[in-house]
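Please find the sequence and the predicted model below.
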Amino acid sequence: MTDRRPNQPIPLSHHVSDSLDEYFRALNGCQPPSDLYRMVLEQVEKPLLSSVLEYSAGNQSRAAEVLGINRGTLRKKLKQYALDR
């Protein structure tokens, strides 16, 4: 584990790595993982968009800015995940 100061949040990458390790353990060698890249992106992207929208109080321009994407791309993704209001 990396050295961290007290009250410093655990990096998101640590949580992702733990989740993937757990996923592979759950497969228990019975089934090979398939299309993992797409699955991870879908599992992460929807809650990311939802959380950033909530943080931005529903302001899509601000949410797009926080995400570092343009508003059109955000709107397309919101529609894809049925998060458009």
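Noted; the coordinates are in hand.

ranges for the strands of this structure?
Assigned by DSSP state E, the chain shows no strands.

Where does pLDDT dip in it?
Regions of the chain meeting the criterion pLDDT under 70 cover residues 1-4, 85.

Can you tell me, leaving aside adjacent residues, what's nearest to residue 55?
residue 66 (6.9 Å; Cβ to Cβ, 6 or more residues apart in numbering). Backbone N, C-alpha and C define where each C-beta goes, glycine included.

What is the neighbour count of the one you found?
Neighbours of residue 66 under the rule other Cβ atoms under 10 Å: 15.

Residue 64 contacts residue 71, correct?
Yes: in this structure, residue 64 is within contact of residue 71 by Cβ atoms under 8 Å, at 4.4 Å.

quick one: which of these two has more around it?
residue 64 (19 against 14).

hang on, the earlier thing: list the contacts for the residue nearest to residue 55?
When contacts are counted by Cβ atoms under 8 Å, 6 or more residues apart in numbering, residue 66 touches 52, 55-56.

Now go through the residues you listed and say which are in helices.
The helices, defined by DSSP state H, take in 52, 55 from the contacts of residue 66.

with the contacts of residue 66 in mind, which one is nearest to residue 76?
Nearest to residue 76 among the contacts of residue 66, counting by Cβ to Cβ, is residue 52 at 15.0 Å.

Run a quick neighbour tally on the closest one.
17.

try residue 74
22.

for residue 18, same thing?
Each residue near residue 18 was counted by other Cβ under 10 Å, and the total is 11.

From residue 12, how far off is it?
11 Å (Cβ to Cβ, to the nearest Å).

ok, the closest residue to residue 33 other than its chain neighbours to residue 36 distance?
Closest residue in space to residue 33, ignoring its immediate chain neighbours: residue 27 at 6.4 Å, by Cβ to Cβ, 6+ apart. From residue 27 across to residue 36, the span is 11 Å (Cβ to Cβ).

Okay then, goodbye and thanks.
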